[in-house]
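Colleague: Need coordinates for the following:
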Amino acid sequence: MSGRWGWDDWGHPRSRPVKAEGGIRSQSKRGAFGESWWAKRWIQVLEGFDIGARLARGRSYARKGQVLSITIENGKVTAKVQGSRPKPYNVTIEVKTLSKSDWAKVLDALGRQALFAAKLLAGEMPQEIEEVFTEVGLSLFPAKLGDLKTDCSCPDWSNPCKHIAAVYYLLSEEFDRDPFLIFTLRGLGREALTSRLGSAPPAPVTAPRPVEPLNARVEIFWGESGVQIEDSLGAVEIPREPAALARRLGGFPFWRGETPFLDALSPIYASASPRGLDVLLGPAAQAE
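Modeller: Numbers count the residues shown, from 1 in each chain. The predicted structure is shown next:
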């Protein structure tokens, strides 16, 4: 009935947002946001704070591309969201960060879990990592609504408003690309995390591995003189899959072009590969 009188289901007057140009559109067109377990966990945690109904108001804004920009730093997210007024609204989301002593406890616990540390150093998020935080009396994700401080320059009295909620949803998709963002929001960036994990004392080794003896023939050890490039580098050829390394690195942050970033990059790699081979081996080598 509220829609008949020009009001939405939350008691706010209906108004259409100004169409945004070049905004960040969500990957999700319908249904849930986020694909990885940690992205889904982010939304699950927020909904657990009994703000699910208010969160839902931001879905259409996220899908329409009304969020113009998002900046993420330690414990803080700032964004500009185009609403129904000509001037975009300023959104700020502050997440309670863990103290240095708290992070020391977490890193010490992670250091004792060799598999977890190895996965993190490889850029992966272990699914049981929340248990490590729980063991030291902490939480990876915000534990209560008070761990989040949000503000928007819009006139809406509710918090989160639809502009804040839209940023929440887009953050979940950015977690898919970079799981370390949740660490950044809790006060420890990716470089600092991996650096401190990498400097941790190695786990004790029960028995050393046998070392393969060096070849006694000097010419074999150092390689015969006049070794060809193909021999020293192995088979040099154009990759079957364009932009394979870029695909391993993942998508570009908040890329929302009409063509997916890696799909747009692949033709460039495909045209650059033959040129690179010419430079390395010479045009005649490819013709052979």
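Colleague: Surely Ile238 touches Arg275?
Modeller: No. In this structure Ile238 lies outside contact range of Arg275 using Cβ atoms under 8 Å: 10.3 Å. The way it works is simple: take the backbone N, C-alpha and C, and place the C-beta from them, glycine included.
Colleague: more neighbours, these two?
Modeller: Taking other Cβ atoms under 10 Å, Ile238 and Arg275 do not tie; Ile238 has more neighbours (13 against 9).
Colleague: Report pLDDT for that one.
Modeller: pLDDT recorded at Ile238 is 72.
Colleague: how many neighbours does the residue nearest to it when sequence neighbours are not counted have?
Modeller: Using Cβ to Cβ, 6 or more residues apart in numbering and skipping residues adjacent in sequence, the residue nearest Ile238 is Ser273, 4.5 Å away. Using other Cβ under 10 Å, Ser273 has 15 other residues around it.
Colleague: if I look at the spatially most central residue of the chain, how far off is Gly52?
Modeller: Nearest residue to the geometric centre of the chain (Cα atoms, centre = their mean): Asp178, 1.7 Å. For Asp178, the distance to Gly52 equals 25 Å [Cβ to Cβ, to the nearest Å].
Colleague: same check, this time on Pro179
Modeller: Relative to Gly52, and taking Cβ to Cβ, Pro179 is found at 23 Å.
Colleague: These two - which one has more neighbours?
Modeller: Shown here are Pro179 and Gly52; by other Cβ under 10 Å, Pro179 has more neighbours (20 against 12).
Colleague: where does the more buried one land in three-state SS?
Modeller: coil (DSSP: H, G, I helix; E, B strand; the rest coil).
Colleague: Give me the pLDDT for it.
Modeller: On pLDDT, Pro179 comes in at 86.
Colleague: you'd agree it is up against Ser36?
Modeller: Yes. In this structure, Pro179 is within contact of Ser36 by Cβ under 8 Å, at 6.8 Å.
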